[in-house]
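[1] Dropping a prediction and its sequence here:
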Amino acid sequence: MRSAEELLQLKEQAIALRRAGKSRRQIREAIGSVSNATLSRALEGEPPPEWTRRPNAKDEVRAKARELREQGLDYEEIADALGISKSSVSLWVRDMPRPAHLSYEESRRRSAEGVRRYWATEGPRRKAAREATIATAARDIGDLSDRELLIAGAIAYWCEGTKGRPRRPSDRVVFVNSDPRLIRFFLRFLEAAGVDRDRLTYRVYIHESADIPAAERFWLEVADADLTQFRRSVVKRHNPKTVRKNIGENYHGCLVVDMPRSADLYQKIEGWACAAMCARPNMTGLVTNLPNWSSRRRI
């Protein structure tokens, strides 16, 4: 460890060399082995020589961007001229006034057009990346065993199916959803649970503005059921104050899958769901030791 006198002498030497225009490497070579921390303390307050400063490669581009802005070019024109991003242009010239020949409306229009062109290129790229991620994840799952179907189906039912309430207990399996893929999956789940699909009944819930006959045909094909299993559709009347987004040819309403006399299956689903949702269930007292799932209100 250096003494105070040695450190003072080192500091004087380092400062003299720095003022002579030497770099840190050259100073270290001249005074011998010294740590970076010690050298930094010795040179504290002494600016480096100008020749050691590295030029910023973007300084020239930034100056050119400001020059073009003064000439009246907008962000997009500057970005195209210099081959840089609009975000860089904005960062460099946003303190400068908007060109006088560009009105606020024209600036907004050009900005919107730039966004449109950006997403015309970026949109397909992101869509392709999203589809690739989904396909990879689907391959990770692969085919489901019957046990896996029971687990996933029980959780799906506990999220979307009808459950009993304290004032209106019910042990009846009723599943409602607008997604045809989830309906098909739930029917696969029922088959894995040993349910005869001939026991099921169906009903379409739909808004009156939709093509009701087309929706009924759609759900009949999804369920792959007999027409006699479908009950009369429930039609919701239009409320003029409601801004509806489920419209157009892809709107088919919801399908209700109902299984009469299904208390035993409902109780099994409750047990499967409880077991799946509890990390380490006590199988000897699964229901009694857990919250009363059937008494939970649906939110």
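    The structure has been received and is ready for your questions. Computed from a predicted model, the values in this text were never measured in an experiment. Numbering: from 1, shown residues only.

[2] Could you use CA atoms for every contact and neighbour count after this?
    Noted.

[3] Kindly provide the whole-number mean pLDDT of the longest helix along the chain.
    When the chain is parsed with DSSP state H, its longest helix is helix 104-141. The average pLDDT for helix 104-141 rounds to 82.

[4] before we move on, what about stretch 263-274?
    Average pLDDT, stretch 263-274: 92.

[5] so how far is it from its chain's centroid?
    Centroid separation for stretch 263-274 versus its chain: 33 Å, with Cα atoms, centre = their mean, to the nearest Å.

[6] And it, what's buried?
    Within stretch 263-274, the residues that qualify as buried are 265, 266, 269, 270, 271, 272, 273, 274, counting by 16 or more other Cα atoms under 10 Å.

[7] Just the CA trace of it, in CSV.
    Output of stretch 263-274 as CSV, limited to C-alpha atoms (Å, rounded to 0.1, in the frame of the first residue of the first chain):
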residue,chain,number,x,y,z
ALA,A,263,-75.5,-34.3,-10.5
ASP,A,264,-73.0,-37.2,-10.4
LEU,A,265,-71.0,-35.7,-13.3
TYR,A,266,-71.1,-32.2,-11.7
GLN,A,267,-69.7,-33.5,-8.5
LYS,A,268,-66.9,-35.3,-10.3
ILE,A,269,-66.1,-32.1,-12.2
GLU,A,270,-65.9,-30.3,-8.8
GLY,A,271,-63.5,-33.0,-7.5
TRP,A,272,-61.3,-32.9,-10.6
ALA,A,273,-61.2,-29.1,-10.5
CYS,A,274,-60.4,-29.0,-6.8
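
[8] circling back to that earlier point, I'd like to know which elements the longest helix of the chain is packed against.
    Applying 3 or more Cα pairs under 8 Å, 6 or more residues apart in numbering; DSSP states H and E, one finds that helix 104-141 makes contact with no other helix or strand.

[9] Could you identify the helix or strand that succeeds that helix?
    Proceeding N to C from helix 104-141, the next assigned helix or strand is helix 146-160, under DSSP states H and E.

[10] Residues contacting that next one, please?
    If you take Cα atoms under 8 Å, 6 or more residues apart in numbering as the criterion, helix 146-160 is touched by 175-177, 185-186, 188-189, 192-193, 269-270, 272-273, 276.

[11] Quick one: low-confidence residue ranges for the stretch 51-200 of the chain.
    51-57, 100-104, 107, 110-111, 114, 166-169 (pLDDT under 70).

[12] coming back round to it: with the contacts of helix 146-160 in mind, which one is nearest to residue 76?
    Proximity of the contacts of helix 146-160 to residue 76, judged by Cα to Cα, is greatest for residue 177, which lies at 46.7 Å.

[13] who touches the closest one in this structure?
    Residue 177 makes contact with 160, 183, 254, 255, 256, according to Cα under 8 Å, 6+ apart.

[14] Excluding chain neighbours, what is closest to the third one?
    Which is residue 254. Leaving aside its sequence neighbours, residue 254 sits nearest to residue 178 (Cα to Cα, 6 or more residues apart in numbering; 4.2 Å).

[15] picking up where we left off before, nearest to residue 87, of the contacts of helix 146-160?
    Nearest to residue 87 out of these is residue 177 (Cα to Cα; 43.9 Å).

[16] show me the residues around the most centrally placed residue in the chain that make contact.
    Residue closest to the average C-alpha location in the chain (Cα atoms, centre = their mean): residue 130, at 10.7 Å. Contacts for residue 130 were tallied using Cα under 8 Å, 6+ apart; there are none.

[17] How about residue 174?
    161, 162, 256, 257, 258, 259.

[18] next one: residue 120
    By Cα under 8 Å, 6+ apart, residue 120 has no neighbours at all.

[19] how near is it to residue 126?
    To residue 126, residue 120 is 11 Å away according to Cα to Cα, to the nearest Å.

[20] before we move on, the earlier item: quick one: distance of the longest helix of the chain to the chain centre.
    Taking Cα atoms, centre = their mean, one finds helix 104-141 lying 14 Å from the centre of the chain it belongs to.

[21] Model confidence for residue 251, exactly?
    The model reports residue 251 with a pLDDT of 90.

[22] Thanks a lot, see you next time.
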